[in-house]
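1. would you be able to build a 3D model of this:
(chains A and B)
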There are 2 protein chains.
Amino acid sequence: MSRMQGDITPNQEEAGMNSPIDPRRMAHAIRFLAMDACERVGEGHPGTPLGAADICTALFTRHLKYNPADPLWFDRDRFVLSAGHGSMLLYALLHLTGYAGMPVEALQSFRELGSPCEGHPEYCPAHGVEVTTGPLGQGIANAAGMAVAEAFLAAQLPGVIDHRSYALVGDGCLQEGVAHEVASLAGHLRLGKLTWLWDDNRMTDDGPIGIAQSEDLPARFRAAHWQVLEVDGHDPEALDAALTLAKRDPRPSFIACRTVIGRGLPGVEDTRAAHSGKLTRAITDAARAALDWPHPAFVVPPDIAEAWRAAGRRSAAEYQAWQGRVAALPPAQRRLLDRLREGRLPEGWQDGLRAYAARAAEAGLTQHGWKTCGEIVEIASAAIPEMLAGAPDLEAATQHKRSLSAFTAERRDGRYLHYGVREHAMGSMLNGMAAHGGVVPSGVTYLVFSDYERPAFRMAAMMGLPVLYAFTHDSIGIGRNGPTHQPVEYLAALRAIPNLHVFRPADAVEAAECWELAIAHRSGPSALIFARQPQQGVRREAGANRSEAGAYVLAEAEGARAATILATGTEVALAMRARAMLAAEGIQVAVVSMPCWSLFEQQPRDERERILGRAPRIGVEAAVRLGWDRWIGPDGVFIGMSGFGASGAEEDLWRHFGITAEAVAGAVRMLVAR
Amino acid sequence: MSRMQGDITPNQEEAGMNSPIDPRRMAHAIRFLAMDACERVGEGHPGTPLGAADICTALFTRHLKYNPADPLWFDRDRFVLSAGHGSMLLYALLHLTGYAGMPVEALQSFRELGSPCEGHPEYCPAHGVEVTTGPLGQGIANAAGMAVAEAFLAAQLPGVIDHRSYALVGDGCLQEGVAHEVASLAGHLRLGKLTWLWDDNRMTDDGPIGIAQSEDLPARFRAAHWQVLEVDGHDPEALDAALTLAKRDPRPSFIACRTVIGRGLPGVEDTRAAHSGKLTRAITDAARAALDWPHPAFVVPPDIAEAWRAAGRRSAAEYQAWQGRVAALPPAQRRLLDRLREGRLPEGWQDGLRAYAARAAEAGLTQHGWKTCGEIVEIASAAIPEMLAGAPDLEAATQHKRSLSAFTAERRDGRYLHYGVREHAMGSMLNGMAAHGGVVPSGVTYLVFSDYERPAFRMAAMMGLPVLYAFTHDSIGIGRNGPTHQPVEYLAALRAIPNLHVFRPADAVEAAECWELAIAHRSGPSALIFARQPQQGVRREAGANRSEAGAYVLAEAEGARAATILATGTEVALAMRARAMLAAEGIQVAVVSMPCWSLFEQQPRDERERILGRAPRIGVEAAVRLGWDRWIGPDGVFIGMSGFGASGAEEDLWRHFGITAEAVAGAVRMLVAR
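-> Prediction:
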């Protein structure tokens, strides 16, 4: 994505604020564009665009700091449409305020294959879509992550980082658990530049909100230490006043905007049908009559169109002033800003990781997987000042904080965020930080708790965001905590997510290699998976990054291969032990370490076949078989888990489940004897 | 599991209440058993057993209705240790109150392989463990599901169903999003027999709670319309009074019990180390001195042991009276009760489903997948009065409510629960209903939202609970809502979960067959997956349940097989179209429908090979390839998705992603030409 320099004329009058155009009619422009687009394609969700048009008009004409001529302006306010089904609200706003990527033709192709106006907004900051939304609760969590990123970067670059994060949120988002996790944490962290605008229309897809909810949401947010403001969501002045108060309060703000869903659709507004009911010409005609909007489909009258374009220029003076402040930055600060906004990592960031790998290879380092992972995060954090680590209440068990200071309400320069036991909030906030840019976000938890944040993984993968999800305690090797804490299906489940690299390094050398690959990977997220138990050193050299190919021959057979053992993680050492046992019997096998299947899949077929070899294959992984048949082939043997684990001493479990060097050697003997 | 009839002597004095033994010393018995067990094995979590010992003493000696001599007493109160890491608290209570499955030897084998005292409690109601807990937030959600089950069954069997559900919950559980989903819904549903006892020790694994939380939790629960009581968690009388008030209020109750973590460990209590720090002999000796407990490890003095056994008899009179009420039930009610508590489905429950399959086969029924699924749920609900359906705000889109009435705060005989947009709460509450027994719980949502409730799936699979998770909108076939709403990785991710049957029927005939198999499957959960778009009828006969084998030859080749096409769901019809196209060219292929891989895996190898055949194979599924290599083999071709979907018209998407009959036929031609 190229970074446009916005060439806009400063407008001394604050557009909107002093405009002679009634903001209610400006909101009608949103309503009719949304209606026309939904009517044209025969589907969509008009309820939110029509109901929340006044809210967004107040925000975009009087408060939001943005520049349609430079959508990627680093110090812009972020606006997230968390209620992503109301996508036409966002597209209409972007079109009206003058985003080049959102001409009327785009709106007219709403929901057609290839249109920038997808059914739900899809991440494309270059035309104004800050994050992909749709799965409920994600957008508001992303916005909270953006507010963290802003606070974190403002501590490094005061004066040039100072912006706010807004999210429009419906009841659906607020019913999701992740909303509560984030509300609790955002209040605790006093993310004062975060504002959620609640489209309080009291209507759900199933019917009136009272069918499934009676909670006092304002009281709920007060309990989490938010500023709570309650306004008429169709009153421009009340909305303006609330947004002004939100800016003045050090707490995050929750603005409850009482609205009517589908406002402007006679006979449909304020009913369940407004959510996603089909709009016919008769209905839109009736709306045109009711709202005195005699203009044809997709036509906005010139005075209103110009008022919206003026709104799009409302931050021109701020934009110019900001450019001036940037130009005046001391050179080191300027280089930092440029690097961060371009998403470039600092020169030589890999050096520490490579030195770590070299030391580990030299020493044949054998140590707990979590410890290795924690040490690497510390090294990477030292080299990459924009890295922000954290964990959901597992600092003791994962040891990832180490020398890092905490990011708190008081200390915004902290490098480690205590998320509390809120995995889902962590995952979705990491996504928001990555979407914000300028931050390298990472978070660690037990692999078995990754299911709690899984909805975030696919969003990062879909958006292509460089998020680092680290996991420890990756198998029955955790021992006595038992099957609830022993992942068996997680490697397969993570490998199923497109565009997510899943790394399971064998030892500390591979660990450093995999972390380097993950940090360098800027077009998608990575999952980095470690054992609780010691990971035995298997690599005694650390020159080229061998993990880069996804799989490689760790130990070739002495002579022709009788078999090839494929393994990942701690099972690689087990494979090496089996190899040694077999060699003593004169059976020569190769061991292939496969730290990242998706990278291996990208290798040329010949190369893959060379590594896998033609000899019979045995796959070894303390997890379910799903996916392994691709590598071991129809005559292969898989040694792993066929069900859940058990509670017991680690060594008892390996024996109990038959995942031992002896079992692997036995399988090879059987294959060889066939 | 056999159902023991408890042969206990009624005790006219309420044990505990009038006992001369100081309840604080009874709590010490829990503390020392927990300490001794943790010390013996060298690990474990003493913090919760020690901190919450007084809370559970008050509950088990004065309030809980239970009978250690008949652990499966259907009208017992349910107690869930949601803070599952404090497992020794539960084991100590079960041992002290006289559960036969929990002798002192069991406690002495805490965390050893094969011990009933696993690291975290594992579902075994026969010895008093109501659900598996450990992953935070699950237990309290299960308890809410139990309270729903109780209310639902009490409406059918007044007088013999009248019990309460309690959960002990720590800060970790309450930080999880699912806790908030459930709190909101339980308050809305006025689950007055649900009580959460909050072990408010203000200490987390990372340190003082203030590191990550400052929320006013009592205010948060008041906002959700719970009764909130705040007490000293070490004061027996205060706890007793609060538990009494909880019983009197029509709202669910949240009892905030202020406690000291690790209470009784000098120098360790009230510190972070108390959570799961290693207990040495020196520490436990100091605790013995401090608490005046001169007894050896695992020894409880006779007076305290007898007071606990008396507590275990506290419900004897209630138990006898209940047996009397059961004996006096009218025969039909008695048969219903017996059937429900034994988990037997009503006679002939399959008839409606089979008739539906026959009608669908006869008509060659082609209709939307969600509609088929909704019709089947309605038919099954009519035949199985204990079936309780529901959805998270997707009644319009999934049409599963149909003629079912709603289960609400006012109507406990409703058959459909509006969960709001709270998928995780739904999943975990369904598990609680199944663990309670007497209910056949099912819930439906879009497949793409299943990630939100995924943590619940593995718990049901691990416990072997018969839960029915239904999903619609299963692929790019949903069309214009775009990639956020198009599952591609979900089939693989679900198939990775051990002991979860994943059904993806091709048409309405298979749908009825799969639902019958899922309902009949009583030792694990099932996922039933349907399209949004029409599922074309491919089965024209509905005699034997062909889905039972997991995969079967839907259409054999006319003559020798040139190839075999394997498919699931709507792609089976596509495979049939390809077969017809190829037949016109003289290429004869078989089509194998594979509605349930896990059932197919259970078939004998010969039978699997017969069905799959020796001809080259093509797998077709609008999802990722992961797992398919097992069936198509190394030379097979897979036609499916390699990444996320897109927003556009359904027909455009099938073409765009190359999942068409033409593409399948083309692949066959290439394979045949090799």
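2. A:Gln533 reaches A:Asp474, doesn't it?
-> No - taking Cβ atoms under 8 Å as the definition, A:Gln533 is not a contact partner of A:Asp474, at 9.3 Å. (Glycine included, C-beta is placed from N, CA and C.)
3. overlap in contacts of the two?
-> Both A:Gln533 and A:Asp474 are contacted by A:Gly369, under the criterion Cβ atoms under 8 Å, 6 or more residues apart in numbering or on different chains.
4. which one of these two is surrounded by more residues?
-> Neighbours around A:Gln533 and A:Asp474, counted as other Cβ atoms under 10 Å in any protein chain shown, are more numerous at A:Asp474. The numbers are 29 against 21.
5. tell me the contacts of that one?
-> By Cβ under 8 Å, 6+ apart, A:Asp474 lies in contact with A:Gly369, A:Leu447, A:Pro487, A:Tyr490, A:Leu491, A:Arg504, A:Ile529, A:Phe530, A:Ala531, A:Arg532, A:Gly569.
6. please redo it, this time with the cut-off set to 7 Å
-> The neighbours of A:Asp474, taking Cβ atoms under 7 Å, 6 or more residues apart in numbering or on different chains as the test, are A:Leu447, A:Pro487, A:Ile529, A:Phe530, A:Ala531, A:Gly569.
7. just those: which are in strands?
-> A:Ile529 (DSSP state E).
8. so which of the contacts of A:Asp474 reach chain B?
-> Cross-checking the contacts of A:Asp474 against chain B (Cβ under 7 Å from any Cβ of the partner chain) gives no overlapping residues.
9. reformat the contacts of A:Asp474 as a markdown table; add distance to A:Gly343.
-> Compiled in a markdown table, the contacts of A:Asp474 are given as follows (distance: Cβ to Cβ, whole Å):
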| residue | distance to A:Gly343 |
| --- | --- |
| A:Leu447 | 28 |
| A:Pro487 | 32 |
| A:Ile529 | 25 |
| A:Phe530 | 26 |
| A:Ala531 | 32 |
| A:Gly569 | 30 |
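10. just the contacts of A:Asp474 now: which is nearest A:Ala563?
-> Out of these, the one with the shortest distance to A:Ala563 is A:Gly569. That distance is 20.0 Å, counting by Cβ to Cβ.
11. just to check, the closest one is in contact with A:Phe503?
-> No - look at A:Gly569 against A:Phe503 with Cβ atoms under 7 Å: they stay out of range, at 9.6 Å.
12. need the overlap of contacts for those two.
-> Between them, A:Gly569 and A:Phe503 share the neighbouring residues A:Ile529, with contact defined by Cβ under 7 Å, 6+ apart.
13. give me the contacts around stretch A:502-514.
-> For stretch A:502-514, the surrounding residues in contact (Cβ under 7 Å, 6+ apart) are A:353, A:356-357, A:360-361, A:365, A:367, A:372-373, A:376, A:491, A:494-495, A:518, A:526-529, A:535-539, A:542, A:545-547, A:568-569, A:572-573, A:593, A:595-598.
14. now swap in stretch A:346-358 and tell me
-> The set of residues external to stretch A:346-358 that reach it, using Cβ under 7 Å, 6+ apart, is A:339, A:376, A:379-380, A:382-384, A:509, A:512-513, A:515-516, A:542.
15. burial count for A:Val668?
-> Applying other Cβ under 10 Å, we find 27 residues neighbouring A:Val668.
16. got the confidence number for the closest residue to it other than its chain neighbours?
-> Distances taken as Cβ to Cβ, 6 or more residues apart in numbering or on different chains put A:Ala563 closest to A:Val668, at 4.7 Å, once the chain neighbours are dropped. Each residue has a pLDDT score; the one for A:Ala563 is 97.
17. once you drop chain neighbours, what's closest to the closest residue to chain B within chain A?
-> Minimum separation of chain A from chain B (Cβ to the nearest Cβ) falls at A:Gly177, amounting to 2.2 Å. With sequence-adjacent residues excluded and distances taken as Cβ to Cβ, 6+ apart, A:Gly177 is closest to B:Gly177, at 2.2 Å.
18. residues touching the nearest residue to A:Gly477 once chain neighbours are set aside, list them.
-> In space, A:Gly477 comes closest to A:Gln533 once its chain neighbours are excluded; the distance is 4.2 Å by Cβ to Cβ, 6+ apart. Neighbour list for A:Gln533: A:His368, A:Gly477, A:Thr570, A:Glu650 [criterion: Cβ under 7 Å, 6+ apart].
19. buried subset of these, written for PyMOL?
-> Under the burial definition 16 or more other Cβ atoms under 10 Å in any protein chain shown, those of the contacts of A:Gln533 that qualify are selected in PyMOL by:
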select buried, chain A and resi 368+477+570+650
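20. and the contacts of A:Gln533 as TSV, adding pLDDT?
-> Putting the contacts of A:Gln533 into TSV (pLDDT from 0 to 100) gives the following:
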residue	pLDDT
A:His368	98
A:Gly477	98
A:Thr570	98
A:Glu650	98
